[in-house]
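*Asks:* Sequence plus predicted model, see below.
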There are 4 protein chains.
Amino acid sequence: MISLVLIIGQCFSLMPVRGVGHSNPRQVRFTFRSIQVMITLIFLFASSTFNFAMIKHLAKIGVDAKNLVGFVFFACAQSSTVLFFTLAPRWPRLIRFWTRTEMIFVRKPYKMPKPNLSTRVRRAAYAVIAFSAVEHIFYLISAIYSEYRRALLCGAAQNITIPFTFEEFAYRNYDYVFELLPKSTLIGCLILIVNFFCTFVWNYMDLFIMMIGKGIAYRFEQMKMRIHTLLDKEVSESIFMEIRDHYVKLIELLEYVDEDLSGIILLSSANNLYFVCYQLLNIFNKLRWPINYVYFWFSLLFLIGRTTFVFLTAASINDEAKDALSVLRRIPANTWCVEVERLIFQMSTTTVALSGKKFYFLTRRLLFGMAGTIVTYELVLLQFDEPNRTKGLPDLCS
Amino acid sequence: MISLVLIIGQCFSLMPVRGVGHSNPRQVRFTFRSIQVMITLIFLFASSTFNFAMIKHLAKIGVDAKNLVGFVFFACAQSSTVLFFTLAPRWPRLIRFWTRTEMIFVRKPYKMPKPNLSTRVRRAAYAVIAFSAVEHIFYLISAIYSEYRRALLCGAAQNITIPFTFEEFAYRNYDYVFELLPKSTLIGCLILIVNFFCTFVWNYMDLFIMMIGKGIAYRFEQMKMRIHTLLDKEVSESIFMEIRDHYVKLIELLEYVDEDLSGIILLSSANNLYFVCYQLLNIFNKLRWPINYVYFWFSLLFLIGRTTFVFLTAASINDEAKDALSVLRRIPANTWCVEVERLIFQMSTTTVALSGKKFYFLTRRLLFGMAGTIVTYELVLLQFDEPNRTKGLPDLCS
Amino acid sequence: MISLVLIIGQCFSLMPVRGVGHSNPRQVRFTFRSIQVMITLIFLFASSTFNFAMIKHLAKIGVDAKNLVGFVFFACAQSSTVLFFTLAPRWPRLIRFWTRTEMIFVRKPYKMPKPNLSTRVRRAAYAVIAFSAVEHIFYLISAIYSEYRRALLCGAAQNITIPFTFEEFAYRNYDYVFELLPKSTLIGCLILIVNFFCTFVWNYMDLFIMMIGKGIAYRFEQMKMRIHTLLDKEVSESIFMEIRDHYVKLIELLEYVDEDLSGIILLSSANNLYFVCYQLLNIFNKLRWPINYVYFWFSLLFLIGRTTFVFLTAASINDEAKDALSVLRRIPANTWCVEVERLIFQMSTTTVALSGKKFYFLTRRLLFGMAGTIVTYELVLLQFDEPNRTKGLPDLCS
Amino acid sequence: MISLVLIIGQCFSLMPVRGVGHSNPRQVRFTFRSIQVMITLIFLFASSTFNFAMIKHLAKIGVDAKNLVGFVFFACAQSSTVLFFTLAPRWPRLIRFWTRTEMIFVRKPYKMPKPNLSTRVRRAAYAVIAFSAVEHIFYLISAIYSEYRRALLCGAAQNITIPFTFEEFAYRNYDYVFELLPKSTLIGCLILIVNFFCTFVWNYMDLFIMMIGKGIAYRFEQMKMRIHTLLDKEVSESIFMEIRDHYVKLIELLEYVDEDLSGIILLSSANNLYFVCYQLLNIFNKLRWPINYVYFWFSLLFLIGRTTFVFLTAASINDEAKDALSVLRRIPANTWCVEVERLIFQMSTTTVALSGKKFYFLTRRLLFGMAGTIVTYELVLLQFDEPNRTKGLPDLCS
């Protein structure tokens, strides 16, 4: 079920692991000598070159809060690729441990809440991929259309015909690259491909966290349902002993996953936070063409939506664990036993959540706190950016 | 007892539920084919039209932090109506569950703390309704008087008689609507009605949360009183078993209510927060007539008062639960038993409070934290708004 | 021991309670017909008049963040007086309850940590009173000297002799009062007296909280010491039962005190917070004479010192309670018993602290959080105040 | 193992304690009559003189947020020296208590996790010392080179030869000192020495906290490992009793250390926070020579790196204690016993961390919160500093 998302990642050679599609986790192997490793390395090399060009460009024109965005975009995609790359060798062991823990929950007495896990993951994956594809297409259309109108209008103004070719488009939009590299169609193509790659990696990171989040939250939901069915029955102590045992195993899995993934979570959070702030800052900017507005607003809403969605999905682990506790607390006094007490104590004193390197835990409360902080940042930044905003649009044909 | 508030809501066709006045909750039914549903739909349609006119107007003159307020006002009233509308079908089941849980507390050994619940709810309802009516009347007087003086003074200045009719008043105050719709007395009336409706919905939302808050807090208070009477007696373990049982049921009710209502709570909090920030921002603005100042300050104080009151009422659930715990802790060692221990543990590890979609819990501490955050926002916003403030009043007759 | 502070308060007719000096708390009575009540009412009437004059003055010249300070100063002193006045009728009952609870701790096996309570309270009281007296004297010297130099210099500039009389001084410094009231020496004196009164009340509020804080913290310290002596002995369960009983009684006292005093605590915190922010804002202001700088810095440091001191004293209740818990945790396994467990559980799940109407608890952590918030406010406010700061000193003789 | 760091400190006469290198802690003695005490006093006297010169200079040119940095630098180094000096007499007792507690952990059944403690401390110490040395050298090179170029260019511009001597360098860079003291080569040397001393003390404070942090965290790690080995075995209750006993002893040690060191921790945190904010504020400043940029960025990254490192090292105590708890929770039901329960309860309700005078605890969460606060401060400060930033470089030869 998780394999779907992994296979998508494979296409873009993230996480160069073999045998991802296999039903048997023992088949999952990592090897350095694979086509994916090569693609990863090529991507890293190309994007580094472009990023280096970007840094040189920035050093020339002077850094400010806004033109830093290109650098951050590249740097994030690269860090993310590296993090996935370092995750790959640890992945087989993780997935084996995960599968072993999951064994418990695919059998009776655990039920499968509807919609089942693979449907949930698939839906989320499709939605994110579809929206991010639309976003990227809008980006291209917006960029191409702007360039096209520019060529048309500026040509008319100067009484000449400005050719509107792919090369022209690439040279204008990625001028910083061609300050370093020679102008050629090949490099133009390469930029577009690397750019697409980066966009994909960017989205994939979030998708990956979502998948993991849903995978673990589902198990807590199953546990909650099981406890729920016990409410009205007479239950022997051994049942609760078993549940506590499963609970401990689940927490162990969560900690294992958290250890391996929290780097990616930290990067994703920082990344999303930065881009939300950046885009919100542009909200009052004037743009030239309607298609630019369409792209901007779609992009902004997609970004906020995706960020919220990733956060809430990851926080659902915490939600389900708390719900399970609050169901457990309804156990009537006659079936109450020492094991119930232990379980309740354990559940109420453990923070069950994915974390960003233990600096923060992904819970609903954190999202609330972060929203408040983002508003503060935004208010200060908007004030900061006031002079730029009132300047109006730059000359089209300069 | 709750029915009073509901019946008021009925008049404005919020929550189209039948049989609200009945003493028997089984009579409460939801049906799609009712006059209230129709009114709700008409209201939604009319307000959407006006809001659309507002958005067009904003797009023309350019959005800023201040002129957004009309749009937010309409959008809030609409969202609120929709939320109440979606709550209606779930209401009968909720009220039945509630009534069933309350059964426990209307009997001995639970006492009825004075003033009793229905008095408390009624007082709060009357106060909110009275103040909000006064606020709306001030709003109308302030708007009409301003318009009247304008007609008089500007007429005198231009040596003509400017007619002061209802139409003129409506066209001037709601100009954005008439950019979209034809000028007619009927539409003028409709605007006023919809406006009144919106104001009502706006207040009703808070009133509703208050009522729910008081309803549940009262039960915790009863529980606290019962525990208090046990302090000096020798009490058998079964009594505490019973109390814990009731406590669990009450928590279950709270969770049920929270699930159904937290959308409304979230909307109400966001709404109140936005308007408090907005009004505080206007505090240093110059106004033309004394009546404008009277309206502004009454409106501001009413808004802050209502927000604080809603918050504190909702937080009183948490307060009473904590008080009950602190009373329970005084149980002397001789009546101490395992059940007391369990109850104490349960009470001290559960967060008993209404929540905004679990993002935050309505407690006194939150109010303190939010006050601090509002001050930060206000300080930054005031700085932001500095240039507007020093501009002075616009020309009266332009 | 507490009586000292109360007697001081009596001199300024705060808390009109009789029999404060008696060793027997039963002698403490509240009565409406007393000289103190009359003084309180006169003070309230006079200060209200002055504050009304202040408000009129502000309405005329326009409010901003800085000239509001006079109004806040008066309003605080008045609210404080009212709060103490409403505390007075509840005081006898409170002090009787307190004395009853303290009975436990003046006997064996509780020891009296050095320095003993009455010494501690006396020291704190003397320090605060001494410093506040110095501060007030500096204030007077600074104001008089400025006025004196002004008379001298401006007289010289205009070649006339400007008389430097008490009346001139009063009219200049409290001009807002004489916009409302006729100029007369009597009213000039009255202003100075009321001003002195206000300063006293302002400091007394903090002193009172300190005294209460020290009084309760001392009892927790005694408890901690008693537990400490038990560490190496074999102790029977009944001892811990007794300690828990005393602990519960102490908590009950704390809650009682908190209920009656948290209004004063809230006012004191808000007051201190406002004035610290206000004074920090003036830190970069240019002043005319060295004596003004001396007064300003003494006043600022005294204010910050007093605020920190009040906070830390109140927080010491929390500190001592936590220390007691951490000592209790060292109980070795052989004397461990169920009662120890209960006591530890109770101590580790209760928040032992004075509170501001339960909105916040006075702990060291809060102080840390508030320091961070004050810095944020200050940074924003300083930016806000920039234009005023660069203006330089106003003309001396205008 | 700790002795290494202490011996380094000795060289700079911090903590004048004798017998630091001895393996037997009984040999550690404090005495007032030692060469170190004298050096400390001389250093304090010299730096006070320089700081006084600084204050006079500041009073003359007017304080702002930026030129305060020199004063803070001196004041911090002095406070730090005083704190270490007051720690010295308490050190022998502390180190004896520490060694006694450590006795438990150097024996079976505790294992020594690799790399062992002394290696860890040594590595951290070497790294910090190396980097801080490089930073200081860069500082000198940057200052000297700037001065050299200045002499060259300004001399060329004025057609004269400006001598580039040590004296010139000192007079220019530390001009504030020579406003107070006579110009002489000796004093120039002294300034450089005192400056170097200050830099050392500044780094030593952090190094010291790191060492203490690592020392205690290591013990918790050992405890975690021991519990880990018990997971699959049948264990008697007495084992857990022993572990709890050791845990209590470790907490006692931590509290002891925290009491003696939290002054230094508070100073170090405040210091690091201030300098990080200050340096971040300079990030957009224009500098004249490339070497200035190299120094600035190296210095900034070193500062942030060191601050983060100190924080994380101190927070690792908290991390290890939490990990130990989460391992303990995996104890299966068959070896579960009352002692396990007690231990779990104790571990889950105690905050195990070094603190800054109990105002805050050094945990990973705090670091996250502080990062958010620093960003807020930075955003506001940057806005504040805008006018300075756009001014460009001052004239080189003025």
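*Replies:* Nice, thanks for sending it over.
*Asks:* Residues of chain A that sit close to chain B?
*Replies:* By Cβ under 8 Å from any Cβ of the partner chain, the residues of chain A that approach chain B are A:284, A:319, A:326, A:329-330, A:332-333, A:336, A:341, A:344-345, A:348-349, A:364-365, A:367-368, A:372, A:375-376, A:379-380, A:382-383, A:386. Where you see a C-beta, it was placed from the backbone N, CA and C, and this is true even at glycine.
*Asks:* Filter those down to the buried ones.
*Replies:* Burial by neighbour count, judged by 16 or more other Cβ atoms under 10 Å in any protein chain shown, picks out A:319, A:326, A:329-330, A:336, A:341, A:344-345, A:348, A:364-365, A:367-368, A:372, A:375-376, A:379-380, A:382-383 from these.
*Asks:* Quick one: the helices in chain A, in order.
*Replies:* Assigned helices in chain A, in chain order: A:3-11, A:35-61, A:69-106, A:117-158, A:166-173, A:175-178, A:185-230, A:237-281, A:290-328, A:338-349, A:364-390 (criterion: DSSP state H).
*Asks:* For A:Thr81, grab the count of nearby residues.
*Replies:* 24 (other Cβ atoms under 10 Å in any protein chain shown).
*Asks:* was I right about it contacting A:Ile42?
*Replies:* No: in this structure, A:Thr81 is not within contact of A:Ile42 by Cβ atoms under 8 Å, at 11.0 Å.
*Asks:* Point me to the residue of the stretch 151-300 of chain A nearest chain B.
*Replies:* Residue of the stretch 151-300 of chain A nearest chain B, by Cβ to the nearest Cβ: A:Phe284 (7.6 Å).
*Asks:* measure that residue to chain C for me?
*Replies:* Note on A:Phe284: its distance to chain C, by Cβ to the nearest Cβ, to the nearest Å, is 21 Å.
*Asks:* what's the burial count for the residue nearest to A:Leu94 when sequence neighbours are not counted?
*Replies:* Distance criterion Cβ to Cβ, 6 or more residues apart in numbering or on different chains; nearest residue to A:Leu94, sequence neighbours excluded, is A:Asp260 at 5.6 Å. Applying other Cβ under 10 Å, we find 16 residues neighbouring A:Asp260.
*Asks:* With B:Arg122 as the reference, measure out to the residue of chain A most remote from its centre.
*Replies:* The outermost residue of chain A relative to its centre, with distances by Cα atoms, centre = their mean, is A:Asn159 at 47.9 Å. The gap separating A:Asn159 from B:Arg122 is 80 Å, by Cβ to Cβ, to the nearest Å.
*Asks:* what do you get for A:Glu234?
*Replies:* 46 Å.
*Asks:* check contacts around A:Thr373.
*Replies:* By Cβ atoms under 8 Å, 6 or more residues apart in numbering or on different chains, A:Thr373 lies in contact with D:Gly372, D:Thr376.
*Asks:* Distance of it relative to chain C?
*Replies:* From A:Thr373 to chain C the distance is 12 Å (Cβ to the nearest Cβ).
*Asks:* How about A:Thr363, nearest residue that isn't a chain neighbour?
*Replies:* Leaving aside its sequence neighbours, A:Thr363 sits nearest to A:Asn318 (Cβ to Cβ, 6+ apart; 4.5 Å).
*Asks:* Surely the one you found touches A:Leu362?
*Replies:* Yes: using Cβ under 8 Å, A:Asn318 is in contact with A:Leu362, at 7.1 Å.
*Asks:* re earlier: give me every residue that touches the residue nearest to A:Leu94.
*Replies:* Listed by Cβ under 8 Å, 6+ apart, the contact set of A:Asp260 reads A:Leu87, A:Arg90, A:Trp91, A:Leu94.
*Asks:* Identify, from the residues you listed, the entry nearest to chain B.
*Replies:* Distances from chain B to the contacts of A:Asp260, taken by Cβ to the nearest Cβ, are shortest for A:Leu94, at 29.6 Å.
*Asks:* Let me know whether A:Cys76 touches A:Trp202 as I believe.
*Replies:* Yes: counting by Cβ under 8 Å, A:Trp202 is a contact partner of A:Cys76 at 6.6 Å.
*Asks:* what is in contact with the two at once?
*Replies:* Counting by Cβ under 8 Å, 6+ apart, the shared contacts of A:Cys76 and A:Trp202 are A:Asn271.
*Asks:* Run a quick neighbour tally on A:Thr351.
*Replies:* Residues lying near A:Thr351 (other Cβ under 10 Å) number 11.
*Asks:* right, I mislabeled it, should have said A:Leu186
*Replies:* A:Leu186 is flanked by 9 other residues according to other Cβ under 10 Å.
*Asks:* and it, how far is that from chain D?
*Replies:* Remark: distance between A:Leu186 and chain D (Cβ to the nearest Cβ) = 35 Å.
*Asks:* repeat for A:Phe131
*Replies:* 29 Å.
*Asks:* contacting residues around that residue?
*Replies:* Contacts for A:Phe131 (Cβ under 8 Å, 6+ apart) come out as A:Phe302, A:Gly305, A:Arg306.
*Asks:* from those residues, which is closest to chain B?
*Replies:* The closest of the contacts of A:Phe131, once distances to chain B are taken by Cβ to the nearest Cβ, is A:Gly305, at 16.1 Å.
*Asks:* neighbours around the residue lying closest to A:Arg342 once chain neighbours are set aside, how many?
*Replies:* The shortest distance from A:Arg342 to any non-neighbouring residue, by Cβ to Cβ, 6+ apart, is to A:Arg244 (6.3 Å). For A:Arg244, the neighbour count with other Cβ under 10 Å is 21.
*Asks:* likewise A:Met205?
*Replies:* Quick note: A:Met205 (other Cβ under 10 Å) scores 26 neighbours.
*Asks:* ok now do it, which residues does it touch?
*Replies:* Each residue near A:Met205 by Cβ under 8 Å, 6+ apart is listed here: A:Ser80, A:Ile264, A:Leu267, A:Ser268, A:Asn271.
*Asks:* The last one and chain C: what is the separation?
*Replies:* Separation of A:Asn271 from chain C (Cβ to the nearest Cβ) stands at 26 Å.
*Asks:* how about low-confidence regions in chain A?
*Replies:* For chain A, the stretches with pLDDT under 70 are A:1-26, A:28, A:65, A:387-392, A:398.
*Asks:* Now with 80, please.
*Replies:* Within chain A, the segments meeting pLDDT under 80 span A:1-36, A:61-67, A:158-164, A:167-168, A:172, A:284-286, A:384-398.
*Asks:* Can you pull up the most central residue in it?
*Replies:* By Cα atoms, centre = their mean, chain A has its centre lying nearest to A:Asp206, at 1.3 Å.
*Asks:* measure that one to A:Lys358 for me?
*Replies:* A:Asp206 is 20 Å from A:Lys358, where distance means Cβ to Cβ.
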